[in-house]
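1. sequence first, predicted coordinates after that:
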Amino acid sequence: MVKIQRTRREKVTLETVQRALLDWLDRASGSPNEDLIAEMVHTALKLARGDIDRGELKILNRALKELRYAFKVFAPYRSVRKVSIFGSTRVKEKEPYYQMAVQLGRRLAEEGFMVITGAGPGIMQAGHEGAGREKSFGVNIRLPLAQKANPFIQDDPKLMTFHFFFTRKLIFVKEADGFVFFPGGFGTHDEAIEALTLAQTGKSQLVPILMVDLPGRGYWREWEEFVRRRMLNAGFISEEDLCFFKIVEDIEGAVAEIKGFYSNYHSHRFVRQDLVIRLIHPPTQSLIAKLNRDFRDMLTEGEICETAALPEESDEPATLSLHRLSVPFNRRSFGRLRQMIDVINDRA
C-alpha cells in the first residue's frame, strides 16, 4: 500500500490523497489484497456523504491508524509464538507475584516465545524484565494520568501506545498464542473475561489461558468458586466452559502448559462447512477413531478425517506443510473443541 510521504507538520490534503490514490491505482492490479483496499477506500468515501459528525470521524480515523501501525510493528514476528501477560500495575518489585512474573518472562523467552504486556509498571514491567527488551512487546494505553512505559520497553520500536482500549485489546488477542493472568483489579478481570468470552464463542483462536496463584493465596481459586457457584450452578455456562482456563501455582507448570498446548496442535481455521485443525505430527488412525468416538456430540453429519491442505488455505503458505484433520464441527461446542485439543496433544 502506498504511504503518503509527509513531514510531521504537513497536513494531509485532498490533493495529496488524490496523488497517492492515483499512484496506488497504477500499481494495484494483480495485488492479492486490492479488493480489500478498494473496499476500505470506498467505505472512507461513503463517510463523506454520510450523516456522521466530526467526533465520530475522529474515532474511525484514530482506530484505523492505531491498528495499521500495530500490524506493521508485529509483522516481522508473525512466525514467533507470543504470550500476553496481565496483572496489577500496583504489584511492587519485591513482592512474590512480581518475582514470579519475572521468572515467567525469562522462561518463556528461553523457550522461544516473545512476551506482550501493557508496558506499564507492576506485573507488566516484571514480564518485560524477565523476557528482556529483545523478546518484548509493549502495548501501552494513553490515560488521563499518563502511564509511562516501564524502563525495560521504553523507547523500543516494539512499544505501541493506544488511545482506545478496544484497539489495544484487539492487538493483545490477535497477536497472542497464550494468556497468563496474575492477580489484578478491574482491568485484569476485564481482559480475562474478554479472553474467555472470545474462546467460548469461537471468535478467536483457542489458546492456553492460565491464572497464576501463589500456593495458599487462593486469589483465582476464589474467583473459580464464584464462577462455579454463581455461573455454572445457575446454568449461565456449561461444565465444558471451565476447561478454557487453568489455575497454576508455579511458573514451570505454566510454561509446561503453554508448551504442551502446541506440542502437536498448531492452529485451526474454518473452510466452507468444516473446521480444519492443523497438526505438527501426522494423526494416527487410532487417534482419529478416538476423536470420532469421544467427540461425536460436537459433530454434524460425517466424521473426522485426515485431509491435505485445502485450496482456500493458500493464503497461509507457512501452514501448508502441516498435517490436518477435517472436522464437521457444529460451530457451537467450543468447550468440547478445547477438550479435543488436549486429546490431540495426548494431554487429556
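-> Looks like it came in fine.

2. ok, residues contacting stretch 232-252?
-> 100, 103-104, 107, 192, 196, 199-200, 208-215, 220-221, 224, 227-228, 230-231, 254, 257, 333, 335-336, 338-339, 342 (C-beta atoms under 8 Å, 6 or more residues apart in numbering). For glycine as for every other residue, the C-beta is placed from the backbone atoms N, C-alpha and C.

3. for PyMOL, write a command that selects the buried ones of those.
-> Filtering the contacts of stretch 232-252 down to the buried ones (16 or more other C-beta atoms under 10 Å) takes a single PyMOL command:
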select buried, resi 100+103+104+107+192+196+199+200+208+209+210+211+212+213+214+220+224+227+254+257+333+335+336+338+339
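
4. can I assume residue 126 is in contact with residue 106?
-> No - using C-beta atoms under 8 Å, residue 126 makes no contact with residue 106, being 10.0 Å away.

5. higher neighbour count, these two?
-> residue 126 (28 against 19; other C-beta atoms under 10 Å).

6. next structured bit after the strand or helix carrying the more buried one?
-> In this assignment (DSSP states H and E), residue 126 forms part of helix 123-131. For helix 123-131, the following helix or strand on the C-terminal side (DSSP H and E) is strand 136-141.

7. which residues touch that following strand?
-> In contact with strand 136-141 (C-beta under 8 Å, 6+ apart) are residues 70, 73-74, 82, 105, 114-120, 127-128, 147, 149-150, 152-153, 156, 158-163, 165, 168, 171-172, 175.

8. out of these, which end up buried?
-> Listed as buried from the contacts of strand 136-141 are 70, 73-74, 82, 105, 114-120, 127-128, 147, 149-150, 152-153, 156, 158-162, 168, 171-172, 175; burial here means 16+ other C-beta under 10 Å.

9. go through these and flag which are in helices.
-> Under the assignment DSSP state H, the buried ones among the contacts of strand 136-141 contribute 70, 73, 74, 105, 127, 128, 168, 171, 172, 175 to helices.

10. where's residue 253, which helix or strand?
-> Assigned by DSSP H and E, residue 253 belongs to helix 251-261.

11. list the buried residues in that helix.
-> For helix 251-261, burial by neighbour count (16+ other C-beta under 10 Å) applies to 251, 254, 255, 257, 258, 259, 261.

12. and the pLDDT at the second one?
-> Looking at residue 254, its pLDDT is 98.

13. how does this protein divide into domains?
-> Segmentation of the chain into domains, based on automatic domain parsing, reads 14-75, 80-261, 265-344.

14. with respect to burial, which of those domains scores highest?
-> For the domains of the chain, the largest average neighbour count (mean count of other C-beta atoms under 10 Å) is found in domain 80-261, namely a mean of 18.

15. picking that back up, could you tell me the least trusted of the domains of the chain?
-> Mean pLDDT is lowest for domain 14-75 among the domains of the chain, at a mean of 87.

16. where do the strands of the stretch 1-150 of the chain begin and end?
-> Ranges of strands within the stretch 1-150 of the chain are 82-86, 114-117, 136-141, based on DSSP state E, counting those that start in this stretch.

17. distance to residue 43 added to those strands, as CSV?
-> Shown next, in CSV, are the strands of the stretch 1-150 of the chain (distance: least, C-beta to C-beta, whole Å):
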stretch, distance to residue 43
strand 82-86, 30
strand 114-117, 29
strand 136-141, 26
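
18. OK, contacts around residue 327?
-> Per C-beta under 8 Å, 6+ apart, neighbours of residue 327: 274, 275, 276, 277, 299, 304.

19. cross the residues you listed against helices and list the overlap.
-> Going by DSSP H, the helices hold none of those.

20. next step: those residues restricted to strands.
-> 274, 275, 276, 277 (DSSP state E).

21. surely the second one and residue 329 touch.
-> So that's residue 275. Yes - Residue 275 is within contact range of residue 329, at 4.0 Å (criterion: C-beta under 8 Å).

22. shared neighbours, these two?
-> Joint contacts of residue 275 and residue 329 (C-beta under 8 Å, 6+ apart) are residue 337.

23. now the helices for the stretch 201-348 of the chain?
-> 219-226, 251-261, 285-294, 334-344 (DSSP state H, counting those that start in this stretch).

24. check contacts around residue 142.
-> Counting by C-beta under 8 Å, 6+ apart, residue 142 touches 161, 162, 163.

25. separation between the last one and residue 140?
-> If you measure residue 163 against residue 140 using C-beta to C-beta, to the nearest Å, the figure is 10 Å.

26. who are the contact partners of the residue nearest to residue 217 when sequence neighbours are not counted?
-> Ranked by C-beta to C-beta, 6 or more residues apart in numbering and with sequence neighbours excluded, the top spatial neighbour of residue 217 is residue 183, at 7.9 Å. Contacts here follow C-beta under 8 Å, 6+ apart; on that basis residue 183 touches 87, 88, 91, 97, 212, 213, 217, 219, 220.

27. now for the third one: which residues touch it?
-> Residue 91 makes contact with 97, 98, 101, 122, 123, 126, 182, 183 under the criterion C-beta under 8 Å, 6+ apart.

28. thank you, goodbye.
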